[in-house]
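[1] Just to be clear, the model below is a prediction. Sequence and coordinates:
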Amino acid sequence: MTATLAAPAVYRSEPPRPPRIGPLRTIGQGLTLTWRNLLKIKHSPEQLLDLTLQPIIFVVLFVYLFGGAIAGDQHTYLQFVLPGILVQTIAFASLGIGTGLSTDRQSGVFDRFRTMPIARSAPLIGAVLGDVVRYVVSVAIVLGFGALIGFRIQTDLLSTLAACGLVLVFAFGLSWPMALIGLLLKNPRTVQGIGASLMFPLTFGSNLLVETSTMPGWLQAWVKINPVSFVVEATRGLLLGQGPVAAPAARTLLAVAVLCAVFIPLSLAVYRRRT
């Protein structure tokens, strides 16, 4: 009688799944990578040149070139246009997040992040929050240089801080569509070009340089729904104490909420797929 021996069963172990990272740890890791982006600025301070020179050039050109023709004298126009230049500077500064992400993709930084035990979204969060610090520098430069050449805030400290905070919140909202462009396009120059093409009609097609009532009717229709016009109007009211504040500020916050609701999920989805 022959005995039949059964072959031993072979058990294949599945690779361990990476631990799930909760929201608090994701935020903490995002803040750590924010510090990484700040260290990049520390070691390469030339990254701040566009944030320091561009607003000064805009203020000098607009005030001393157009001030006499538009407002009759430079000081009157400076009081009118500087809150708008503050918003314009922040809007163009938001292009940096797109070019930075595109550059990081080319250099393979995100590939290294992918091998680390961190949340997939942490590098993207760190990049956006790191740019917020750049926006703070822009705000300080514009207001500081404006004060040197004669701009005077007509309200109190609380209103001034509220104006700066509103501008920074608006910049945070603009960062996400720029981040999406940076994740979709591989060439940083292309990102810069497309981003600038979007920013020019948003900034110059607003009440930033002149009153809306001086424009033709078809352009007024665009200016009145342009979110840049909302934040400029609210900033003027908070810094100068003239004009409405509550309604344009509410519209600004609504525009930021829409931008975040649409572009944050899209940016995260594209980031996870591309990296």
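    Here it is on my side, so go on. Numbers count the residues shown, from 1 in each chain.
[2] Show me the shaky parts of the stretch 1-150 of the chain.
    1-24, 29, 37-49, 110-111, 113-115, 117, 119-120 (pLDDT under 70).
[3] That one: helices as residue ranges?
    Using DSSP state H, counting those that start in this stretch, the helices of the stretch 1-150 of the chain run over 23-43, 49-61, 67-71, 74-93, 95-107, 109-114, 122-148.
[4] out of these, nearest to residue 228?
    helix 74-93 (6.2 Å; CB to CB). C-beta coordinates here come from the backbone N, C-alpha and C atoms, glycine included.
[5] related to what we said a few turns ago, quick one: which of the helices of the stretch 1-150 of the chain is nearest residue 180?
    Distance to residue 180, taken as CB to CB, is lowest for helix 95-107 among the helices of the stretch 1-150 of the chain, at 8.1 Å.
[6] relative to helix 122-148, how tilted is the closest one?
    140 degrees (axes from the mean of the first three to the mean of the last three CA atoms, to 10 degrees).
[7] Mean neighbour count, the helices of the stretch 1-150 of the chain: which tops it?
    For these, the largest average neighbour count (mean count of other CB atoms under 10 Å) is found in helix 74-93, namely a mean of 24.
[8] which helices and strands does it pack with?
    Where contact means 3 or more CB pairs under 8 Å, 6 or more residues apart in numbering; DSSP states H and E, helix 74-93 is packed against helix 49-61, helix 67-71, helix 122-148, helix 157-184, helix 188-204, helix 227-240.
[9] how about those helices, which one is nearest residue 210?
    Using CB to CB, the helices and strands packed on helix 74-93 put helix 67-71 closest to residue 210, at 6.3 Å.
[10] And the contacts of the closest one?
    Helix 67-71 is contacted from outside by 73-78, 80-81, 209-210, using CB atoms under 8 Å, 6 or more residues apart in numbering.
[11] Next: stretch 133-153.
    For stretch 133-153, contacts defined as CB under 8 Å, 6+ apart pick out 34, 38, 41, 47-48, 51-52, 55-56, 59, 63, 75, 78-79, 82, 85-86, 89-90, 93-94, 96, 160, 164, 167-168, 171-172, 239-240.
[12] Stretch 96-111 now?
    Residues outside stretch 96-111 that contact it (CB under 8 Å, 6+ apart): 37, 50, 123-124, 127-128, 131, 134, 175, 178-179, 181-183, 185-188, 190-192, 195, 274-275.
[13] Tell me which residue is most central in the protein.
    In the chain, the residue lying closest to the centroid (CA atoms, centre = their mean) is residue 175, at 3.2 Å.
[14] Surely that residue touches residue 95?
    No. Assessed by CB atoms under 8 Å, residue 175 is found out of contact with residue 95, at 9.6 Å.
[15] Torsion angles phi and psi at residue 224?
    Reported as degrees, to the nearest 10, the phi and psi values for residue 224 are phi -70, psi -20.
[16] Run through the stretch 151-275 of the chain and note the low-pLDDT ranges.
    Ranges of the stretch 151-275 of the chain meeting pLDDT under 70: 274-275.
[17] can you put the helices and strands packed on helix 74-93 in CSV and add distance to residue 261?
    Shown next, in CSV, are the helices and strands packed on helix 74-93 (distance: least, CB to CB, whole Å):
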stretch, distance to residue 261
helix 49-61, 28
helix 67-71, 37
helix 122-148, 15
helix 157-184, 10
helix 188-204, 19
helix 227-240, 14
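[18] Quick one: closest of those to residue 268.
    Closest to residue 268 of the helices and strands packed on helix 74-93 is helix 122-148 (CB to CB; 6.7 Å).
[19] Can you give the distance from the closest one to the centre of its chain?
    9 Å (CA atoms, centre = their mean, to the nearest Å).
[20] Next, the angle from it to helix 157-184.
    Using the same axes, to 10 degrees: helix 122-148 against helix 157-184 is 140 degrees.
[21] angle of helix 122-148 against helix 227-240?
    On the basis of the same axes, to 10 degrees, helix 122-148 is oriented at 50 degrees to helix 227-240.
[22] Number of residues surrounding residue 237?
    When neighbours are defined as other CB atoms under 10 Å, residue 237 has 22 of them.
[23] swap that for residue 273, please
    Residue 273: 8 neighbours (other CB under 10 Å).
[24] for it, what are its contacts?
    With contacts defined as CB under 8 Å, 6+ apart, residue 273 has no neighbours.
[25] Sweet, I'm off.
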